[in-house]
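Undergrad: Coordinates for the following, if possible.
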Amino acid sequence: MTVIKINHTNAEELAIVKNIRAKVFVEEQNFSPDEDNDGKESECEHFLAYDDETGHPVATGRLYIHDNLGKVQRICVLKEGRGKGFGREIILAIEKSAKEDQLDGLYLSAQEHAVLFYEKLGFVATSGERYLDMGGIWHVDMEYKIPVYS
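TA: Numbers count the residues shown, from 1 in each chain. The predicted structure follows:
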């Protein structure tokens, strides 16, 4: 698999990202298109994972940076790519970018079913409380402290 960081001004690559998100969030999880389209695309770093065997894009995610923290957002994998490590590789690429940007940490709002996935990658729940968020799906806030190496 190959994960690339794309430039939000590249209309072709951004269209691929939006298409993956529409399939997962809008079609599968019944989000309204407005929930996904928050107007922050130009403020985020975007990541795209390709299946090297097929050459097809199968996963995406984005990083919104503010106050020297990164909010991990819109992590999704198409059905044909699930269980193959694409989501993990997207998160690792985001983590690498956050380290390069010298961010203090990462945080996210995880769909409840994905909490274990994020825990395996070093994220911890910031509270035990869950809440309804996008798409009427239960979410849990989580954070990741970026290791500092001397």
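Undergrad: helices and strands of the protein: which one bottoms out on pLDDT?
TA: helix 33-36 (a mean of 81; mean pLDDT, DSSP states H and E).
Undergrad: which residues of this structure score low on pLDDT?
TA: Filtered on pLDDT under 70, the chain yields the residue ranges 148-150.
Undergrad: before we move on, the earlier item: CA atoms only: put the least confident helix or strand of the chain into PDB for me.
TA: Extracted C-alpha coordinates of helix 33-36, given in PDB (Å, rounded to 0.1, in the frame of the first residue of the first chain):
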ATOM      1  CA  PRO A  33     -23.700  15.600   2.700                       C
ATOM      2  CA  ASP A  34     -23.600  18.800   4.700                       C
ATOM      3  CA  GLU A  35     -22.100  17.100   7.800                       C
ATOM      4  CA  ASP A  36     -19.100  16.000   5.800                       C
END
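Undergrad: can you pull the buried residues of that helix?
TA: If you call a residue buried by 16 or more other C-beta atoms under 10 Å, then helix 33-36 has these buried ones: D36. In this view, the C-beta of every residue, glycine as well, is placed from N, C-alpha and C.
Undergrad: now stretch 51-61
TA: Neighbour-count burial for stretch 51-61 [16+ other C-beta under 10 Å]: D51, P57, V58, A59, T60, G61.
Undergrad: What strand or helix carries the fifth one?
TA: When secondary structure is defined by DSSP states H and E, T60 falls within strand 57-66.
Undergrad: Same question for V72.
TA: Following DSSP H and E, one finds V72 within strand 69-77.
Undergrad: by contact count, what packs against the helix or strand just after that strand?
TA: Remark: after strand 69-77, the chain's next helix or strand is helix 86-100, criterion DSSP H and E. Counting contacts by 3 or more C-beta pairs under 8 Å, 6 or more residues apart in numbering; DSSP states H and E, helix 86-100 packs against strand 2-6, strand 44-50, strand 57-66, strand 69-77, strand 105-111, helix 115-120.
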